[in-house]
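Visitor: Kindly generate the corresponding structure for this input.
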Amino acid sequence: MKSKIFVVALLAVIIPGITVTAQSSADKKSTVHAVTFRKDNLNLAGNVFLPAGFDKSKKYPAIVVVHPGGGVKEQTAGLYAQQLAENGFVTIAFDASHQGASEGLPRFLDNPINRVGDIYSAVDYLVTLPYVDANRIGGLGICAGSGATVKAAMTERRIKAIATVSGVDVGAASRRGWDGKGSGDDVIATLEAVSKQRTAEANGAAPVYVPYVPEVGDTTAPQDLQEAAEYYRTSRGQHPRSTNKLLLSGVSYGIMFDGFGQADKLLTQPLLLIAGSEADFQQQYKKLVSEAAAIYSWPEKYFEGKIIFSRSAIAPSFGSVTRQVLDEVKYLALQEGILAEPIYTAKHFYTARQIMKDQNTNTKSLIINSGGSLGLSGFQEKLKPVLY
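Guide: Numbers count the residues shown, from 1 in each chain. Have a look, this model is predicted:
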């Protein structure tokens, strides 16, 4: 994304009382192992990353890393999984069912509910590993993988904390457009086309595919998608199993999906949202934050912690992992969800704006502001982030 990237000097600046110890690249080297695990009657392909100095007699916290729509485990998801492993976690990045090296027919079907089930199965696999602490499992969703990750966490209580990077709910994007401002009038026409194609395939016609991202150089597409094309469709991140194909006859599954629905009732785990300060896709974050915070709108409401606040406006580019992202996901996993005792212990929850006005509020978990991505870009002036 074309974004203003702000990073803080140390994690201690983000969260008082936390220090970060520098490690050499040699000390942080992780190892990766190809694995397969079962999801119903399918074999899913994954890569498990183990920390440097891995000791199979120990118990490690683990993170399930969920790839973007149309991506595969060797791209962005694998990069995050690797770098989190270098910081002490067992991580797994895997190909969604029907995609990449995972099984499933028809090919290139992207059903978000299937992807939720994939995450359940990844957790099933992790809890069988003797070196994984089953009480310290988190989830990290990237782009379209975020909607599935958030939805999975609502009903998968073994996931103790979740984070999203450049999160997208594909259902909302399908119904209301990438920027969330569409009327939705063209959805019916899309569904008519999908139904027509399903009838054709039922009578023996060949599948039809549509692209996830535009062609490189298509300036009519939203900026986020143009930059996605520059990653997925060029040598920067292109992979032979990431084909930019989406099965047309399965598009209706995405249209009906609501990744953030029921967050106010079911999303009780700590949540971190990370996004660019100039992200096009703002309505997603507004919806999730408003729903998750709705029942905690008043100072007299007490809570056990829902949403982590990102104290700086950041924007991970496609195919990169900023120190800010890494530190914040690591903090979330270690302190707010996967360890027993979180750092913050006080009672009151305020709205995001009240929190920013009162920096002395000792909240156990603070609400996220991803810079302009929440439509709250005025906060950036108050944050005065320190650069590395």
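Visitor: low pLDDT regions in the chain?
Guide: Applying pLDDT under 70 to the chain picks out residues 1-28, 177-183, 224, 264, 273-388.
Visitor: so where do the helices sit in the stretch 51-200 of the chain?
Guide: 76-85, 112-126, 145-155, 170-176, 186-202 (DSSP state H, counting those that start in this stretch).
Visitor: List the buried residues for the first one?
Guide: Read that as helix 76-85. For helix 76-85, a neighbour-count test (16 or more other CB atoms under 10 Å) marks 76-85 as buried. Where you see a C-beta, it was placed from the backbone N, CA and C, and this is true even at glycine.
Visitor: Just say which of the helices of the stretch 51-200 of the chain is most tucked in.
Guide: Of the helices of the stretch 51-200 of the chain, the one with the most neighbours on average (mean count of other CB atoms under 10 Å) is helix 145-155, at a mean of 26.
Visitor: Between helix 112-126 and that helix, find me the angle.
Guide: For helix 145-155 against helix 112-126, the angle by axes from the mean of the first three to the mean of the last three CA atoms, to 10 degrees is 70 degrees.
Visitor: other SSEs contacting helix 145-155?
Guide: Secondary-structure packing of helix 145-155 (3 or more CB pairs under 8 Å, 6 or more residues apart in numbering; DSSP states H and E): strand 60-66, helix 112-126, strand 132-142, strand 159-165, helix 263-266.
Visitor: Next, the angle helix 112-126 makes with the fourth one.
Guide: What separates the directions of strand 159-165 and helix 112-126 is an angle of 130 degrees, with the same axes, to 10 degrees.
Visitor: C-alpha coordinates for strand 159-165, CSV please?
Guide: Provided in CSV are the C-alpha atoms of strand 159-165 (Å, rounded to 0.1, in the frame of the first residue of the first chain):
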residue,chain,number,x,y,z
ILE,A,159,-7.8,-19.8,19.7
LYS,A,160,-6.8,-17.5,22.6
ALA,A,161,-6.0,-14.3,20.6
ILE,A,162,-6.2,-13.1,17.0
ALA,A,163,-4.5,-10.5,14.9
THR,A,164,-5.2,-9.3,11.3
VAL,A,165,-2.9,-7.6,8.8
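Visitor: Now do it and helix 76-85, the angle between them.
Guide: In terms of direction (the same axes, to 10 degrees), strand 159-165 departs from helix 76-85 by 120 degrees.
Visitor: And the longest one, by the same measure?
Guide: Compare the direction of helix 112-126 with that of helix 76-85 by the same axes, to 10 degrees and you get 30 degrees.
Visitor: any residues touching helix 112-126, and which ones?
Guide: Under the criterion CB atoms under 8 Å, 6 or more residues apart in numbering, residues 35, 37-40, 44, 46, 62, 64, 66, 90, 92, 94, 96-98, 104, 132, 134, 137, 139, 144-145, 147-149, 151-152, 156, 158-159, 170-171, 253-254, 257, 259 lie in contact with helix 112-126.
Visitor: Narrow those residues to just the buried residues.
Guide: So, by 16+ other CB under 10 Å, the buried ones in those are 37, 39, 44, 46, 62, 64, 66, 90, 92, 94, 96-98, 104, 132, 137, 139, 144-145, 147-149, 151-152, 156, 159, 170-171, 253-254, 257, 259.
Visitor: Can you get me a residue count around residue 185?
Guide: For residue 185, the neighbour count with other CB atoms under 10 Å is 7.
Visitor: Show me the contact partners of the helix or strand hosting residue 252.
Guide: Taking DSSP states H and E as the criterion, residue 252 maps to helix 251-256. Helix 251-256 is contacted from outside by 109-114, 170-171, 174-175, 187, 190-191, 194-195, 210, using CB under 8 Å, 6+ apart.
Visitor: Dump the C-alpha coordinates for that helix into PDB.
Guide: Only the C-alpha atoms of helix 251-256 are listed here, as PDB (Å, rounded to 0.1, in the frame of the first residue of the first chain):
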ATOM      1  CA  VAL A 251     -18.600 -16.600  -5.900                       C
ATOM      2  CA  SER A 252     -22.000 -16.800  -4.200                       C
ATOM      3  CA  TYR A 253     -20.400 -18.300  -1.200                       C
ATOM      4  CA  GLY A 254     -18.300 -15.200  -0.700                       C
ATOM      5  CA  ILE A 255     -21.300 -12.900  -1.200                       C
ATOM      6  CA  MET A 256     -23.200 -14.600   1.600                       C
END
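Visitor: Use 441 as the first number from now on
Guide: Yep, numbering from 441; the last one is helix 691-696 now.
Visitor: Next, count neighbours for residue 545.
Guide: Neighbours of residue 545 (other CB under 10 Å): 8.
Visitor: Does it touch residue 538 like I think?
Guide: Yes. Contact criterion CB atoms under 8 Å: residue 545 and residue 538 qualify, at 7.2 Å.
Visitor: rewinding a little: what's the farthest-apart pair in the contacts of helix 691-696?
Guide: With CB to CB as the measure, no two of the contacts of helix 691-696 lie farther apart than 554 and 627, at 20.9 Å.
Visitor: Many thanks, I have nothing further to ask.
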